[in-house]
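J.: Give the three-dimensional model of this entry:
(one chain, ligands or ions: 1)
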Amino acid sequence: MMSNVRVRFAPSPTGPLHIGGVRTALYNYLFAKKHKGVFILRIEDTDQTRYVANAEKYITDALDWCRIPFDEGPGKNEKFGPYRQSERKELYEEYANTLIKKGKAYYAFDTSDELNAHRKQHEEAGKTFIYNWHNREKGRLVNSLILTEQATKKRIENGDNYVIRFKTPQDETLILKDEIRGSITIDTNTLDDKVLFKSDGMPTYHLANIVDDYLMKISHVIRGEEWLPSMPLHVLLYNAFGWDAPKFAHLPLILKPIGKGKLSKRDGDKLGFPVFPLAYTNEETGDVSLGYKESGYFSDAFINMLSLLGWNPGTEQELFSIEELITTFDLSRVSKSGAKFSLDKTNWFNQQYLQKKTDAELALLFSVILKNKKINSSESYVEKVVSLIKERAVFVKDFWSLSSYFFKTPEDYDEKASKKQWKEGTSVLMNELIIVLASIDDFSSKTIEETVKSWISSKEIGFGKIMQPLRLAIVGEMKGPHLFDIIDMVGKDEAVLRIKKIIKTLS
Ligand code: GLU
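T.: This next block holds a predicted model:
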């Protein structure tokens, strides 16, 4: 058993959480709980230009709905807090200065015009511009030469804009270890001297992220593959500070259903399925994107589906409760290659979870829909209806179209079925059937069935001749569960009324 496991989910509040973000949170949570560790929520809001005011609330609401509770985070168990980077602002400058003092970082005064000119120059020569020792030491970037301490001081006093850059070591080979991807070898000459601290007095993601992971005693960094290119810098930063680096695990991308390309935030609207856990309103444009919740998915089904998007339990089992996920989840079984999202599979999970719910639970959910339709039925009636139709439903919202005839007389009749089932003579037979039904005292499914069937037999006609038009009369189309169960449910008077109505309409 691993001890002192502390992991974090560190979203930037730049908009709604994408399902990839939810999966990252989930895997962190499962890993923490499996090892009796701590799951932390940290809000990485140092990029002021991309900050969106309602995003943090969205993130916590989404984690709530998904039932992925954090142990430490904004407003909760703030032992290592604050957990919003904007509230830890002062701290980062000190760490940037530490690196300067250690000779591991330096002030750079390049203007963006200068940088662009260098970039262009390189491009024209067919080379990629890397801001590191090539230019730094050779002095091609005139202004960003690592200036003497005095000269630097002078420029700062002068009010010149500067950033603090990491001084990437030259000619080193880094061997990185990723829990999912194994060893990765990197030549440090291919790395940029990344900016650690910006002219607006804010740290960049890289500095804040490393400092916080260190101060919050993070044992494992589990995050999306898009952060893999940052890993060399992060490891170098740990080395530069003289700190032990946490273990890293980079999760595979979630791919579009066609299996190619990352499932992006915009794909939801394009491909017609939600990519967000909850609905999100873009405050600038007013556009609303649907979420899984509003689309009728159960959060446990959604989570079960996500758990398998990149992780293979190693068995045939597909349905996992959260407790089972906690015991079974294992980083070593997370795949390196992208995981293809499938809407059919997602719906299948929802259907499975729906079938597992009790009729009482489902009836309660359905009664909200019924109330909106101004239908008043007893709890036990709704429960019975649910038990008869739920098998065919993927969502609770499917219940109404599967069962409306339990609550109201059909308004019209399926055209094709009417043509096929309503023949000459049907009206006469239906009128006789009314008399048969009216004569039944014990109006229960079983007795109705026995009575009607023996009547049909006595007439020596095919069962279909009665049963098909009868279904059309009761249901309005040729679907639904056992017909005598439905007749029992709607009751004698209503059944007779429906038969009279169809005779009138179709004759
Ligand atoms: N703030 C980063 C994000 O938005 C965190 C990446 C990481 O986990 O290191 O995903």
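J.: Residue of the stretch 401-507 of the chain closest to the ligand, please.
T.: Going by Cβ to the nearest ligand atom, the ligand is nearest to S401 of the stretch 401-507 of the chain, at 40.5 Å. Heads up, the C-betas are built off the backbone N, CA and C, glycines and all.
J.: Check the stretch 201-350 of the chain too.
T.: When scored by Cβ to the nearest ligand atom, the stretch 201-350 of the chain has R223 as its residue closest to the ligand, at 3.5 Å.
J.: That residue and L251 touch, don't they?
T.: Yes - proximity of R223 to L251 meets the contact threshold set by Cβ atoms under 8 Å, at 6.8 Å.
J.: Which stretches in the stretch 251-400 of the chain count as helices?
T.: 267-271, 299-307, 322-328, 343-356, 359-372, 379-389, 399-403 (DSSP state H, counting those that start in this stretch).
J.: which of these sits most buried?
T.: Burial among the helices of the stretch 251-400 of the chain, expressed as mean neighbours by mean count of other Cβ atoms under 10 Å, is greatest for helix 299-307, which shows a mean of 23.
J.: before we move on, the earlier item: any shared contact partners between R223 and L251?
T.: A shared contact of R223 and L251, defined by Cβ atoms under 8 Å, 6 or more residues apart in numbering, is any residue touching both; here these are T24.
J.: who has more neighbours, those two?
T.: L251 (26 against 23; other Cβ atoms under 10 Å).
J.: Show me which residues of the stretch 201-350 of the chain sit near the ligand.
T.: Counting by Cβ under 6 Å from any ligand atom, the residues of the stretch 201-350 of the chain close to the ligand are Y205, N209, R223, W227.
J.: Those in helices, which ones?
T.: Y205, N209 (DSSP state H).
J.: Now, of the residues of the stretch 201-350 of the chain next to the ligand, which are buried?
T.: Applying 16 or more other Cβ atoms under 10 Å to these, the neighbour count classes Y205, N209, R223, W227 as buried.
J.: JSON lines for those residues, including pLDDT?
T.: Formatted as JSON lines, the entries for those read as follows, by pLDDT from 0 to 100:
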{"residue": "Y205", "pLDDT": "95"}
{"residue": "N209", "pLDDT": "98"}
{"residue": "R223", "pLDDT": "98"}
{"residue": "W227", "pLDDT": "97"}
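J.: one step back: could you check how far the residue of the stretch 401-507 of the chain closest to the ligand is from D47?
T.: Distance of S401 to D47, computed by Cβ to Cβ, to the nearest Å: 46 Å.
J.: try K357
T.: When Cβ to Cβ is applied, the distance between K357 and D47 equals 42 Å.
J.: Ok, P74 next?
T.: Going from P74 to D47 by Cβ to Cβ gives 17 Å.
J.: Dihedrals phi and psi, the closest residue to V163 other than its chain neighbours?
T.: Closest residue in space to V163, ignoring its immediate chain neighbours: V195 at 4.7 Å, by Cβ to Cβ, 6 or more residues apart in numbering. Dihedral pair for V195: phi -70, psi 130, per degrees, to the nearest 10.
J.: bridging residues for V195?
T.: R165 (DSSP bridges).
J.: Against T46, how distant is it?
T.: V195 is 12 Å from T46, where distance means Cβ to Cβ.
J.: Same check on E424?
T.: The value you get for E424 to T46, if Cβ to Cβ is used, is 80 Å.
J.: Show residues contacting stretch 265-279.
T.: Contacts to stretch 265-279, defined as Cβ under 8 Å, 6+ apart, come from residues 15-19, 22, 58, 61-62, 65-66, 256-257, 263-264, 288-295, 297, 302, 343, 346.
J.: ah, wrong one, I meant stretch 334-353
T.: With contacts defined as Cβ under 8 Å, 6+ apart, stretch 334-353 is touched by 19, 27, 180-181, 249, 251-257, 259, 262-263, 273, 296-298, 300-302, 304-305, 309-312, 318-319, 393-395.
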